[in-house]
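Asker: Pasting a predicted model and its sequence here:
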2 protein chains.
Amino acid sequence: MSDPNRRIRRLDARDPEFLTTLDALLAFEGSADARIDAAVTEILSAVRTTGDAAVIEYTRRFDRLDVKSMAGLELPKSELKAALDSLTVEQREALRIAADRVRIYHERQRAESWDYVEADGTRLGQKVTPLDRVGLYVPGGRASYPSSVLMNAVPAKVAGVGELIMVVPTPNGEKNPLVLAAAAITGVDRVFTIGGAQAVAALAYGTQTLPQVDKIVGPGNAYVAEAKRRVFGTVGIDMVAGPSEVLIISDGSGHSDWVAMDLFAQAEHDELAQSILLCTDPAFIDAVDASIERLLPMMPRHETIAASLANRGALIHVDSLEQACAIANRIAPEHLELSLDEPEPWIDRIRHAGAIFVGHWSVEALGDYCAGPNHVLPTMRSARFSSPLGVYDFQKRTSIIQISEAGAQTLGRVASTLAHGEGLQAHARSAEMRLHK
Amino acid sequence: MSDPNRRIRRLDARDPEFLTTLDALLAFEGSADARIDAAVTEILSAVRTTGDAAVIEYTRRFDRLDVKSMAGLELPKSELKAALDSLTVEQREALRIAADRVRIYHERQRAESWDYVEADGTRLGQKVTPLDRVGLYVPGGRASYPSSVLMNAVPAKVAGVGELIMVVPTPNGEKNPLVLAAAAITGVDRVFTIGGAQAVAALAYGTQTLPQVDKIVGPGNAYVAEAKRRVFGTVGIDMVAGPSEVLIISDGSGHSDWVAMDLFAQAEHDELAQSILLCTDPAFIDAVDASIERLLPMMPRHETIAASLANRGALIHVDSLEQACAIANRIAPEHLELSLDEPEPWIDRIRHAGAIFVGHWSVEALGDYCAGPNHVLPTMRSARFSSPLGVYDFQKRTSIIQISEAGAQTLGRVASTLAHGEGLQAHARSAEMRLHK
């Protein structure tokens, strides 16, 4: 339970203990849960062995859906279309605009095959092709987000993925029309109303009805995350995401209410979400603190917001924007807002972030829904080494090596020398056999 | 022990049991080993807690190196240079040619930042930057390959990685001059003579002497693989590779000795390596089988080759090249040789492979060392969803979202509608606050 007296913490970067405090605040380790491990092990094994029958049984048990065959768990395309038609004009238009903008942005990410021919006729290159078949997990219940369908399905389709299969649990048969409408708009090929580890298993191993996919993407609960971790290797997976994060860098320009609400928008996801402000102006920090106090009671999700801000939030006074950027690079945040009147010079000072929102008008919520870039972004400092979800996650590359007869003569001698150096004589001999006597 | 009477198996794709037999032949699951798990858990925890002291102690215990401080486990650059100077002219030139060719090929893979500005002034883009610091694991002992240094270090350097730290165990102080020379040629920044899970831990968590890296790449034994799996998330890792594989598609053109030796080159890696021939011509299969029998006794590593061919190899008769391509796509091999007089029409029939070697002159060994493309390739059917190691593995992307005041008006309404639909009111409010009244 959240304690109404607990508030967002105030920190000062000049404090000698600051970096230790910051690291403790950032620390997050997904706790291993033996019960989840055991359940996932059983479910993966059952679905792998018996296929449809196991999926039907788990769906009966966990989602209280009673069907005779897997066909009863597949939604016809007409039902997706009907969900789209059932929306208000405003909702339908908003989904369409968002999908179009996301598509236009992601089309820039499509990689093309290339090759080059050397003087002796040797041709080298890289063939870029889409994945054959991809599974898209969409959570049911409270975290069932149509925007998540857009952000995963659009790059897959732009990449040219042959078949996109969506799974979404519908406990007690309750369907989210916005999610189904998003599937219709983005051209998802098949939809099954299954979820949990059993859905991940069905996608990873295939069943009699549901064909094996090559990669599984999309968010899910702890069971889904553990199942994805386990099937990695059999299929590809996207990242296993941690709690969502925003870091706002401010010089005191802008509106304290805007900053407070941007912190709330992150915090309302769940109690582990992280909202941090770095600001050079102590008076502005006071103003944001006051805005938080004034605006919080008006928010429908105020309990979650309050708990998240108290647990993992911070308003931090920094000496300079240089220091703010150094701290930002240590945090490597999922979302970074440069809440500055003159943000441009600071963009290249940020070396690690999932997405940078530049200037006061660039609020994260626009990026979450409709600016165009993907909202699936690296969390938990992984922006140091990974990237937003993109078309590149749905393409793969194959090296093309076409050596000419002349090329085999020059390269064969080099390979032979190096192979003998490594004690791999068959490697050496296979090259030497192509040498003219 | 290998049984000299066990030979490579002969299969026929027309056999009704063929696909079942093939799937069993391809099946490989790295066995979980409780002893390795426990050892890795202890080592990771000790290095994370005590840093240098733990690394020094494990290196004393496992590699029998007795040093007082971590400085004693770092090689000065002068020693790398001396190793390079100690090589024969032929070896030095071979390393240089290989490194140059790998560099030229990989330079084509470098992605650049991009952006575009919309009519209302909104700017969207993606900033591409190199990783700050990368760790490169190089095994000691029998599998200590200078080509592995080239294939990992060159793309990292082409990407512009700030600091590249190599670790290579030197049990009893024995150093491999070819490996150190390859480090010198590729511009590796620092080299520590440490290995095993303790080296992975030092790279992942950092110690007093060895700075934390952002990603760890390179092959290793079961302890190293398990340690990499565990630290994934704290740092990035490359793939955890399975046994190496070659698939050769032949129409009976070419030389049976060449094909036999190409199968040997794969099989000599270890007893789990997989060498498979698909051939439309039964007489040529007989010829390859005879070549295997005649050439095998001449090979220094004949025991490993014989065991590998008997365990996991196959000579398979197929009806047609169409059928061969269908089987190849099911196998999704790491290496594929199109051993055909007219290979071009078949390249695009191959949807899944790490690298395609086109025509009789394109022997895999050239790709392993010096053709230019990377030799770190997806194994165990993962070519269905993953790619050769490349410059893209050492770059990361950050979305740039710079919304204009006008853009915030149109996008804000869309975001507000979608956010309310998802029940995320703070998201909606943060967008609505930017709307003009």
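Answerer: Ah, there it is.
Asker: mind listing what the residue in the stretch 101-250 of chain A that chain B sits nearest to touches?
Answerer: Residue of the stretch 101-250 of chain A nearest chain B, by CB to the nearest CB: residue A:236 (3.4 Å). Quick note: C-beta positions are derived from backbone N, CA and C, even for glycine. The contact partners of residue A:236, by CB atoms under 8 Å, 6 or more residues apart in numbering or on different chains, come to A:131, A:214-216, B:382, B:384-386.
Asker: switch the cut-off to 7 Å
Answerer: Going by CB atoms under 7 Å, 6 or more residues apart in numbering or on different chains, residue A:236 touches A:214-215, B:385-386.
Asker: which one among these gets closest to residue A:41?
Answerer: Checking the contacts of residue A:236 against residue A:41 with CB to CB, the nearest one is residue A:215 at 22.1 Å.
Asker: burial count for that closest one?
Answerer: Residues within reach of residue A:215, counting by other CB atoms under 10 Å in any protein chain shown, total 25.
Asker: now swap in the one 5 residues further on and tell me
Answerer: Neighbouring residues of residue A:220 were enumerated by other CB under 10 Å; the total is 25.
Asker: what's the answer for residue A:130, then?
Answerer: Residue A:130: 20 neighbours (other CB under 10 Å).
Asker: hang on, the earlier thing: among the contacts of residue A:236, which lie within strands?
Answerer: Residues of those located in strands (DSSP state E): residue A:215.
Asker: Top of the contacts of residue A:236 by number of neighbours, please.
Answerer: residue A:214 (28 neighbours).
Asker: list the contacts for the residue positioned nearest the centre of chain A?
Answerer: Nearest to the geometric centre of chain A sits residue A:376, at 3.1 Å (CA atoms, centre = their mean). Shown in contact with residue A:376 (CB under 7 Å, 6+ apart): A:151-152, A:238, A:388-389.
Asker: just residue A:312 next, same as before
Answerer: A:25, A:272-274.
Asker: Chain B next: which of those residues are close?
Answerer: Among the contacts of residue A:312, proximity to chain B is found for none (CB under 7 Å from any CB of the partner chain).
Asker: before we move on, back to that, could the contacts of residue A:236 be laid out in JSON lines, adding pLDDT?
Answerer: Shown next, in JSON lines, are the contacts of residue A:236 (pLDDT from 0 to 100):
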{"residue": "A:214", "pLDDT": "98"}
{"residue": "A:215", "pLDDT": "98"}
{"residue": "B:385", "pLDDT": "97"}
{"residue": "B:386", "pLDDT": "96"}
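Asker: Turn the contacts of residue A:236 into CSV, including distance to residue A:61.
Answerer: CSV is the format used below for the contacts of residue A:236 (distance: CB to CB, whole Å):
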residue, distance to residue A:61
A:214, 29
A:215, 28
B:385, 31
B:386, 35
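Asker: just curious, which of the contacts of residue A:236 is nearest to residue B:53?
Answerer: residue B:386 (37.8 Å).
Asker: how about stretch A:72-82: buried residues?
Answerer: For stretch A:72-82, a neighbour-count test (16 or more other CB atoms under 10 Å in any protein chain shown) marks A:73-75, A:79-80 as buried.
Asker: Which of the residues you listed sits closest to chain B?
Answerer: Using CB to the nearest CB, residue A:80 comes nearest to chain B of the buried residues of stretch A:72-82, at 16.5 Å.
Asker: Now do the SS call for the closest one.
Answerer: Here residue A:80 is helix, with the state taken from DSSP: H, G, I helix; E, B strand; the rest coil.
Asker: quick one: pLDDT of it?
Answerer: Per-residue confidence (pLDDT) for residue A:80: 97.
Asker: Could you do the one 10 residues further on as well?
Answerer: The confidence metric pLDDT takes the value 97 at residue A:90.
Asker: Three-state assignment for the nearest residue to it once chain neighbours are set aside, please.
Answerer: Excluding its sequence neighbours, the residue lying closest to residue A:90 (CB to CB, 6 or more residues apart in numbering or on different chains) is residue B:417, at 5.5 Å. Of the three states, residue B:417 takes helix according to three-state DSSP.
Asker: where does chain A have low pLDDT?
Answerer: A:1-5, A:30-32, A:142 (pLDDT under 70).
Asker: can you list the domain ranges for it.
Answerer: For chain A, the TED database gives the domain ranges A:9-29+A:242-384, A:34-237, A:403-433.
Asker: which residues does the residue in the stretch 51-200 of chain A positioned nearest to chain B contact?
Answerer: Nearest residue of the stretch 51-200 of chain A to chain B: residue A:94, at 4.0 Å (CB to the nearest CB). Taking CB under 7 Å, 6+ apart as the criterion, residue A:94 is in contact with B:414, B:417-418.
Asker: let's go with 8 Å and repeat that
Answerer: Residue A:94 neighbours (CB under 8 Å, 6+ apart): A:370, B:413-414, B:417-418, B:421.
Asker: Repeat that for residue A:351.
Answerer: A:329, B:129, B:132.
Asker: count of neighbours near the last one?
Answerer: Other residues near residue B:132 number 19, with proximity taken as other CB under 10 Å.
Asker: surely it meets residue B:160?
Answerer: No - assessed by CB atoms under 8 Å, residue B:132 is found out of contact with residue B:160, at 10.2 Å.
Asker: any residues in contact with both of those two?
Answerer: Contacts common to residue B:132 and residue B:160, judged by CB under 8 Å, 6+ apart, are absent.
Asker: wait, the residue nearest to residue A:90 sits on residue A:89?
Answerer: No - between residue B:417 and residue A:89 there is no contact under CB under 8 Å: 10.4 Å.
Asker: Look at those two and report which has more neighbours.
Answerer: Between residue B:417 and residue A:89, counting by other CB under 10 Å, residue B:417 is the more crowded of the two (22 against 7).
Asker: right, is stretch A:353-362 up against chain B?
Answerer: Yes - using CB under 8 Å from any CB of the partner chain, stretch A:353-362 reaches chain B at A:353-362.
Asker: any chance of those in TSV, plus secondary structure?
Answerer: Converted to TSV, these look like this (three-state DSSP):
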residue	secondary structure
A:353	coil
A:354	coil
A:355	strand
A:356	strand
A:357	strand
A:358	strand
A:359	coil
A:360	coil
A:361	coil
A:362	coil
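Asker: tell me which residues in the longest helix anywhere in chain A are buried?
Answerer: In chain A, assigned by DSSP state H, the helix with the most residues is helix A:89-107. By neighbour count on 16+ other CB under 10 Å, the buried set for helix A:89-107 is A:91-92, A:94-95, A:97-99, A:101-103, A:105-106.
Asker: now the helices: where do they sit in the stretch 201-350 of chain A?
Answerer: Along the stretch 201-350 of chain A, counting by DSSP state H, counting those that start in this stretch, helices occupy A:222-231, A:256-267, A:282-295, A:302-312, A:321-331, A:344-347.
Asker: got it, and the stretch 1-150 of chain A?
Answerer: Using DSSP H, counting those that start in this stretch, helices in the stretch 1-150 of chain A cover A:18-26, A:34-50, A:52-63, A:77-86, A:89-107, A:146-159.
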